[in-house]
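1. heads up, no residue letters with this:
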């Protein structure tokens, strides 16, 4: 078990204590509840922790942050504190021979046979050994029960799950079809789907891509509730949540009842959206996702929910003042991947098929690389835990272009429901689930923004231009008049020497009515 695994385990353990909505006296009850249960370490061993230990981890986290959960050096490090392996093996053999033998009886036998001296072996020691080796008797499980629950405000709690989608032609093997997978994040209070997208594989990078899009559009949730699947129990997802202050909660194994809301949404997708795919001309993943976004924004979010008796998007926007948004830089930093590489003699290292050049001082050293899989132009290089430099792509090996294929499925009727829905969605041109509508006559382009910024004295690098393009791709379209006004106000108050993300964040906030004031 690595130190990182141990720190994340402790963070998950104390996460219930970090809820800002706890009432007076709740923390004591939570600490006693945590201390009264067995907990499985990442190594597989089950242990219990005293209330004092839980309190100390909580206090260290409040004082020092995530670093406060790291182990302090022991004064007796390196000294043996366990009984010998021979005695442990003999005790286990005695338990296996007669499973109903108690720990007290086994200790009496060991002392009577002269295998160990009197009072050398403690009952607690053998109890931990038998628990680890699964030699203790099983306690019958209590029958479970469930209570109805709904978060009080939007972004208090998000749920996530996946479902099987339709079959599409395999882009790598056009002669065969491959089944798509839908990954979705849903707000528990309003039932708004903060982001959902079809992929060919339900892998961790695709899940994190959806979560990143959801946070950029709808804000940072306080908690997220997921099942125990492999992609949800990854260390990187736990690290993202810890960086953004999100409490990561897991459903009880084999208890799907806790995610009934998102399962009901998937049922509506199967009954309302999926049947229309067969009568459409959708043959690529991008076409499928465009149609699904149109259906999601124009139909699902704007229909009266049968239980809430209101439109999901209206409920979400009613509590807009309670939403918390992270800056683009904070989100980018939280989602960075970490991998270790050894620097070659030619001052380069390879990552994701690309080569990066670093300073000669790093030759032969093992470095940690922080990178965004969606933006590999520049990566961060750390040495022994400290930032050393940024590295840019030196050379990119040639990659064979994918073969483009086309295949038309004949339409059996003259009605293409999804095509009509996509055309309607394009005409409305909504970049978000909410925000002002932007007409084609007043739409602000990237070229127009670059021209205005250059006239105001900006000297934009290639990196800054690429960040502007990403902002327009993720959050556009923008209104020409309001964008020009907020940019003029910001430059007047702050000048042109701020980081590019500062100006882009203000432009986005203006569109979403989250604070277009340049004085912020």
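-> Sure, I can see it. Note that the structure is a prediction, hence the values are computed from the model and not measured.
2. where are the low-confidence patches of this protein?
-> In the predicted model, the chain carries pLDDT under 70 at residues 1, 24, 72-82, 137-147, 254-257, 395-415, 426-442, 511-520.
3. mind giving me the domain ranges of it?
-> As recorded under automatic domain parsing, the domains making up the chain are 3-69, 85-132, 158-322, 336-395, 435-512.
4. please enumerate the strands of the stretch 1-150 of the chain.
-> With DSSP state E, counting those that start in this stretch as the criterion, the stretch 1-150 of the chain has strands at 39-40, 46-47.
5. to residue 215, which of the ones you listed lies closest?
-> Comparison of the strands of the stretch 1-150 of the chain against residue 215 by Cβ to Cβ identifies strand 39-40 as nearest, at 29.2 Å. C-beta here means a position set from N, CA and C on the backbone, and glycine is covered the same way.
6. any idea which helix or strand comes after the lengthiest strand in the chain?
-> Criterion DSSP state E: the longest strand present in the chain is strand 173-187. Moving toward the C-terminus from strand 173-187, the next helix or strand (DSSP states H and E) is strand 193-199.
7. give me the helices and strands touching that following strand, please.
-> Using 3 or more Cβ pairs under 8 Å, 6 or more residues apart in numbering; DSSP states H and E, the elements in contact with strand 193-199 are strand 173-187, helix 204-218, helix 285-295.
8. who's in contact with it?
-> 158, 165, 180-187, 206, 209-211, 213-215, 217-218, 265, 285, 288-289, 292, 296, 300-301 (Cβ atoms under 8 Å, 6 or more residues apart in numbering).
9. number of nearby residues for the closest residue to residue 184 other than its chain neighbours?
-> Of all residues not flanking residue 184 in the chain, residue 196 sits nearest, at 3.7 Å (Cβ to Cβ, 6 or more residues apart in numbering). By the criterion of other Cβ atoms under 10 Å, residue 196 has 25 neighbours.
10. how about residue 122?
-> 12.
11. could you number the chain from 7 rather than 1 from now on?
-> Got it, first residue is 7 now, which makes that one residue 128.
12. that one and residue 294, how far apart?
-> 62 Å (Cβ to Cβ, to the nearest Å).
13. residue contacts, residue 121?
-> Applying Cβ under 8 Å, 6+ apart, the residues near residue 121 are 93, 96.
14. what backbone torsions are found at it?
-> Taking degrees, to the nearest 10, you get phi -70, psi -30 for the backbone angles of residue 121.
15. what do you get for residue 382?
-> The phi/psi pair for residue 382 (degrees, to the nearest 10) is phi -100, psi 10.
16. for residue 192, give me its contacts.
-> Residues counted as contacts of residue 192 (Cβ under 8 Å, 6+ apart) are 164, 165, 166, 198, 199, 200, 267, 268, 271.
17. show me what the residue nearest to the fifth one when sequence neighbours are not counted is bridged to.
-> Distances taken as Cβ to Cβ, 6+ apart put residue 192 closest to residue 199, at 5.2 Å, once the chain neighbours are dropped. When bridges are called by DSSP bridges, residue 192 pairs up with residue 165, residue 199.
18. now do the buried residues in the strand or helix carrying residue 499.
-> Per DSSP H and E, residue 499 falls inside helix 486-500. Using 16 or more other Cβ atoms under 10 Å as the test for burial, helix 486-500 gives 486, 488, 489, 492, 493, 495, 496, 497.
19. could those residues be laid out in CSV, adding distance to residue 514?
-> CSV is the format used below for these (distance: Cβ to Cβ, whole Å):
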residue, distance to residue 514
486, 15
488, 12
489, 10
492, 10
493, 12
495, 15
496, 13
497, 17
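20. and the closest residue to residue 44 other than its chain neighbours, what is it in contact with?
-> Spatial nearest neighbour of residue 44, chain neighbours left out: residue 52 (4.7 Å); criterion: Cβ to Cβ, 6+ apart. By Cβ under 8 Å, 6+ apart, residue 52 lies in contact with 44, 45, 46, 137, 138.
21. what's the answer for residue 41, then?
-> 54, 55, 56, 57, 59, 60 are the contacts of residue 41 under Cβ under 8 Å, 6+ apart.
22. please indicate which of the residues you listed are buried?
-> 55, 60.
23. so which of the contacts of residue 41 comes closest to residue 11?
-> Ranked by distance to residue 11 (Cβ to Cβ), these are led by residue 55 at 16.2 Å.
24. chain neighbours aside, what residue packs nearest to that closest one?
-> Nearest to residue 55 is residue 41, by Cβ to Cβ, 6+ apart, at 5.8 Å.
25. kindly report the same for residue 225.
-> Closest to residue 225 by Cβ to Cβ, 6+ apart is residue 329, at 4.1 Å.
26. surely that neighbour touches residue 227?
-> No. The criterion here is Cβ atoms under 8 Å, and residue 329 misses it with residue 227 at 9.7 Å.
27. hmm, residue 370 is touching residue 349, no?
-> Yes. Counting by Cβ under 8 Å, residue 349 is a contact partner of residue 370 at 6.5 Å.
28. ranges for the strands of the stretch 257-406 of the chain?
-> Using DSSP E, counting those that start in this stretch, strands in the stretch 257-406 of the chain cover 343-348, 354-357, 360-363, 372-378, 381-389, 392-401.
29. need those in JSON lines with distance to residue 422 and mean neighbour count, can you?
-> Formatted as JSON lines, those follow (distance: least, Cβ to Cβ, whole Å; neighbours: other Cβ atoms under 10 Å):
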{"stretch": "strand 343-348", "distance to residue 422": "40", "mean neighbour count": "14"}
{"stretch": "strand 354-357", "distance to residue 422": "44", "mean neighbour count": "18"}
{"stretch": "strand 360-363", "distance to residue 422": "41", "mean neighbour count": "18"}
{"stretch": "strand 372-378", "distance to residue 422": "37", "mean neighbour count": "17"}
{"stretch": "strand 381-389", "distance to residue 422": "36", "mean neighbour count": "17"}
{"stretch": "strand 392-401", "distance to residue 422": "43", "mean neighbour count": "14"}
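30. now tabulate the ones you listed in TSV and tack on distance to residue 472.
-> Output for those, formatted as TSV (distance: least, Cβ to Cβ, whole Å):
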stretch	distance to residue 472
strand 343-348	19
strand 354-357	19
strand 360-363	16
strand 372-378	12
strand 381-389	7
strand 392-401	12
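31. how close does residue 334 get to residue 34?
-> Taken as Cβ to Cβ, the span from residue 334 to residue 34 is 40 Å.
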